[in-house]
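A.B. asks: Got a predicted structure here, sequence first:
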Amino acid sequence: MNWFDLTIKPMLAVKGRPFDDKDYIFEIKWDGTRCITFIDAKNKRLRLQNRRLLDITYRYPEFDFYNFCNKNYILDGEIVVLKKGRPDFKLLQQREQVENRMKIEILSKKLPATYIVFDILWVEGVGWVTEKPLIERKKLLEGLVKDIGGNIMVSKYVFEKGKLFFEKAIELGFEGVIGKRKDSTYTPGKRSNYWVKIKKKNSIDAAILGYMKGEGGREEFFGSLILGLYDGEQYVYIGRVGTGFDVKFLEWFTEVSDNYKTDNCPFEETPTIKREVQWLKPYFVCEVEFMEVSSDKKLRAPVFKRMRFDKKPEECLMEQLK
C-alpha cells in the first residue's frame, strides 16, 4: 500500500502526576482532536486521519501545508481552535459537528483551526523514523520550523522541569502537559509510560450508553447521560452525569442520538435507575471530570466536559479508574 493511504493508530499516553526527570521532555497538552497528517507536497494532496481512523480532511479546508512543505511527510499532532492563544474546545466542536460543505467553508474562515505538530513519523528520502529516539524526531521537526507559519505550529518543549512547567501551563489556562521520554520510539496504537499526560483535574473518557428521560425544564430533552467503561468483554456501569450541558448541546444530542436508540440494555447487569431510561447503542463518547471514584467504581460529582468524536466506545477502558 502507498504511504499516503496507510492507516496509522496514534501513540497514546498514560495518566500521571507532575514530576521532574532528566530523561523526559515536557510540552503542552493541547485540548483538541488528535490527527495523523499525510502530506503529498508534490501532488498537492492532504489527508487528515483522526483517532477513529476516519478521514476528516474535508472539515479543514484552511490548512496550508503546501506553503512550507517541499517534501512528503507523515506527521502527528492536534487540531485546535485557538482563542486568545489557548485552545477552546467548544469552538472546535462547532467545527466537528458540521457536515454541510458550504457551512464548513464559512466556519473555516470564521473559526479557523490550527494544527499543532508534535511528532514526525515518515519523511520522503529518509523513510520511517518511528524507531529513532523522540529527541531525534524533534530535531527533524525543528528543521521545518523556519518555513512553518499561518495555521500550522510546531509544539515547543522544555527539558526535565516537569513540575514547574505544569504549574506555569495551568496558570496560563492550559489543561495540562505531556511528559515524553527522550529516547522513546514511536509505537502506533500503544499506551505506555514513555508518554505521560498530566492534567489539573480527574477526568475519563466514557461511553454514553443511554440517558434518563428529562423532567421539568428538560422534559423535551434528557435528564442525565448513563455512562459505561469497557473491561475487554463488556461495558460496566459507572454512573450518570447530569450537569455541564448547555441548551445547544441538549438540543443537538437529543436529535442525533435518536438513530441509536435500542430496547436492549448494553450492560450485562441492568443498573438500578429509578427514572425512565432510554438505552443507546455504543457509539458516543464523552469526557467527564469528577471528584473521585467510589469503592463500587462509580464516579462522584461528575461533570460533563465535552464530546469525544475521535474516540470509539470500546477504547473507554476500565483501567482509566486505576
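C.D. replies: Ah, there it is. Quick caveat: nothing in here was measured; it's all calculated off a predicted structure. Numbers count the residues shown, from 1 in each chain.
A.B. asks: Strands along the stretch 101-250 of the chain, start to end?
C.D. replies: 114-123, 127-128, 152-154, 157-159, 176-181, 191-199, 203-213, 222-230, 235-241 (DSSP state E, counting those that start in this stretch).
A.B. asks: Mind putting the ones you listed into CSV with mean neighbour count?
C.D. replies: No exception for glycine: its C-beta is placed from N, CA and C like everyone else's. Output for the strands of the stretch 101-250 of the chain, formatted as CSV (neighbours: other CB atoms under 10 Å):
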stretch, mean neighbour count
strand 114-123, 21
strand 127-128, 10
strand 152-154, 19
strand 157-159, 16
strand 176-181, 23
strand 191-199, 18
strand 203-213, 23
strand 222-230, 22
strand 235-241, 22
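A.B. asks: Adding mean pLDDT and distance to F19, write those strands out as CSV.
C.D. replies: Formatted as CSV, the strands of the stretch 101-250 of the chain follow (pLDDT from 0 to 100; distance: least, CB to CB, whole Å):
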stretch, mean pLDDT, distance to F19
strand 114-123, 95, 19
strand 127-128, 94, 30
strand 152-154, 90, 24
strand 157-159, 97, 13
strand 176-181, 96, 7
strand 191-199, 93, 8
strand 203-213, 92, 19
strand 222-230, 92, 26
strand 235-241, 93, 28
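A.B. asks: Between those strands, which one is closest to A301.
C.D. replies: strand 235-241 (9.6 Å; CB to CB).
A.B. asks: check contacts around I74.
C.D. replies: I74 makes contacts with 3, 6, 8, 36-39, 120-122, as judged by CB atoms under 8 Å, 6 or more residues apart in numbering.
A.B. asks: repeat that for 7 Å
C.D. replies: By CB atoms under 7 Å, 6 or more residues apart in numbering, the contact set of I74 is 3, 36, 38, 121-122.
A.B. asks: residues touching the closest residue to A169 other than its chain neighbours, list them.
C.D. replies: If the residues on either side of it in the chain are set aside, A169 comes closest to V177, at 5.1 Å by CB to CB, 6 or more residues apart in numbering. Each residue near V177 by CB under 7 Å, 6+ apart is listed here: 26-29, 162, 165-166, 169, 198.
A.B. asks: at 10 Å instead, please
C.D. replies: 18, 26-29, 157-158, 162-163, 165-170, 196-200 (CB atoms under 10 Å, 6 or more residues apart in numbering).
A.B. asks: Same check on E160?
C.D. replies: Contact partners of E160, counting by CB under 10 Å, 6+ apart, are 19-26, 179, 182.
A.B. asks: okay, those in TSV with distance to T57 next?
C.D. replies: TSV is the format used below for the contacts of E160 (distance: CB to CB, whole Å):
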residue	distance to T57
F19	37
D20	40
D21	37
K22	40
D23	37
Y24	33
I25	30
F26	31
G179	31
K182	32
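A.B. asks: what's the following helix or strand after the lowest-mean-pLDDT helix or strand in the chain?
C.D. replies: One helix or strand of the chain scores below all others by mean pLDDT, DSSP states H and E: strand 292-293, with a mean of 82. Later in the chain than strand 292-293, the nearest helix or strand by DSSP states H and E is strand 299-300.
A.B. asks: and the next element down the chain from that next one?
C.D. replies: strand 303-307.
A.B. asks: Just list what that next one packs against, helices and strands only.
C.D. replies: helix 89-96, strand 203-213, strand 222-230, strand 235-241, helix 247-256, strand 277-289 (3 or more CB pairs under 10 Å, 6 or more residues apart in numbering; DSSP states H and E).
A.B. asks: try 7 Å
C.D. replies: Under the contact criterion of 3 or more CB pairs under 7 Å, 6 or more residues apart in numbering; DSSP states H and E, strand 303-307 touches helix 89-96, strand 277-289.
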